[in-house]
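1. here is a sequence with its predicted model. Questions after.
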Amino acid sequence: MSDVSLDAGTGDMVSDAPSAFARYEAVRPRLPLAHYPAKSLVLPSLDEVADHVDGFLLDAFGVLNVGDTAIPGAVARLRSLRARGKRLAVLTNAASYTREQLLAKYHRLGFDFTADEVVASRDVAVARLEKIAPGATWAAISAAGDTFADIPARLVDAVADPSALRDTDGVLFLSTARWTPALQQALVTALQQRPRPLVIANPDIVAPREGGLTLEPGLFGHDLLDKVPVQTHWFGKPFPEAFAEGIARTGLAAGRLAMVGDTLHTDVLGGAAAGCRSVLVTEHGLFAGLDVRPFVAASGLIPDFIIGSI
């Protein structure tokens, strides 16, 4: 979670769903292209969506949980889907945590996912670091207590030692938990002076939590790219590598899966770009308390299905 405030590049703070939506729209040219249905089918829950597909890729925040609280009925719904033979996998942009930590959290909340059913953007990103910059030392922007034990590369904690932003071979952005405007400016300056690869392992601009929306690495990545045309590698929804991994975990063809999420620009767009169908959840995530129809119409990001809660 981040307590950072940052100009979003539009003159407004990203503090609510409309301003987050506006920022996502502003960066649409950096996101994948996709095709969408002519209109959405509004259904009560995933039980009804399950009549149309054989499995689901599930976002976590806003779908399964809000912060550290499971969404009421979510555990029972997934149990029902498993009983019907539906394949399930979590596809999350929560790059602050290792997959083992995420799995432990889901188990605490009552979900029965196996390790093979959890695809975290952190894993997708770190598996590609060596190809991006062989033998590199990376400046890691991470949460407190991250030991990087799961990452097969040399890393320096760039929040504890900001000189790493200047002196290393690349930058790996995992978490905004300790990020500040001063550090963001230091990163901009460092990459202006010596461009190097930037890897963003969480493309989200915001995330829904109990206290509201938090600012996520995608927001800071796009802010930086507005100022510095640096080589940037995005891993996580809506980008293809995370979807390819999630689809592979289910053993199903993309067209037999539905991506279930609370955002248009990561879940719906990413799912459609990957060849999956998409389900927009409206009651608990980014659009909680809002009518989603104006946002769908303004963006043209049309989910196959719209439900209130899973």
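-> Perfect, thanks for sending it. Numbering: from 1, shown residues only.
2. chain center to stretch 93-110, what's the gap?
-> With CA atoms, centre = their mean, to the nearest Å as the basis, stretch 93-110 stands 14 Å off its chain's centre.
3. compute the first-to-last residue distance for that stretch.
-> The first and last residues of stretch 93-110 sit 20 Å apart, counting by CA to CA, to the nearest Å.
4. for it, buried residues please.
-> If you call a residue buried by 16 or more other CB atoms under 10 Å, then stretch 93-110 has these buried ones: 93, 94, 95, 96, 97, 98, 99, 102, 103, 105, 106, 109. (Glycine included, C-beta is placed from N, CA and C.)
5. surely the fifth one is within a strand?
-> In other words, residue 97. No: counting by DSSP: H, G, I helix; E, B strand; the rest coil, residue 97 is not found in a strand; it is coil.
6. list the contacts of the residue lying closest to residue 111 once chain neighbours are set aside.
-> Closest residue to residue 111 apart from its sequence neighbours, by CB to CB, 6 or more residues apart in numbering: residue 75 at 6.0 Å. Shown here is residue 75, whose contacts under the criterion CB atoms under 8 Å, 6 or more residues apart in numbering are 109, 110, 111.
7. which of these lies closest to residue 159?
-> Among the contacts of residue 75, residue 109 lies closest to residue 159 (CB to CB), at 28.3 Å.
8. hang on, isn't that closest one packed against residue 70?
-> Yes: the pair residue 109 and residue 70 qualifies as a contact (CB atoms under 8 Å) at a distance of 4.1 Å.
9. identify the contacts common to these two.
-> Overlap of the contact sets of residue 109 and residue 70 (by CB under 8 Å, 6+ apart) consists of residue 64.
10. hang on, the earlier thing: now do the same for the residue nearest to residue 111: helix, strand or coil?
-> helix.
11. all strands for the stretch 151-300 of the chain, in order.
-> 154-157, 170-173, 198-200, 206-209, 212-215, 232-234, 257-261, 277-281 (DSSP state E, counting those that start in this stretch).
12. need those strands in TSV with mean neighbour count, can you?
-> Output for the strands of the stretch 151-300 of the chain, formatted as TSV (neighbours: other CB atoms under 10 Å):
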stretch	mean neighbour count
strand 154-157	18
strand 170-173	26
strand 198-200	25
strand 206-209	23
strand 212-215	18
strand 232-234	21
strand 257-261	29
strand 277-281	28
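13. looking at those, which is nearest to residue 62?
-> strand 206-209 (4.8 Å).
14. who touches that closest one?
-> Taking CB under 8 Å, 6+ apart as the rule, strand 206-209 contacts 1, 14, 20, 61-62, 66-67, 93, 213-216, 219, 262, 284-286, 288.
15. can you rerun that using 7 Å?
-> Under the contact criterion CB atoms under 7 Å, 6 or more residues apart in numbering, strand 206-209 has outside partners 1, 14, 20, 61-62, 66-67, 213-216, 219, 262, 285-286, 288.
16. buried subset of these?
-> Looks like the contacts of strand 206-209 have 1, 14, 20, 61-62, 66, 213-216, 219, 262, 285-286 buried, using 16+ other CB under 10 Å.
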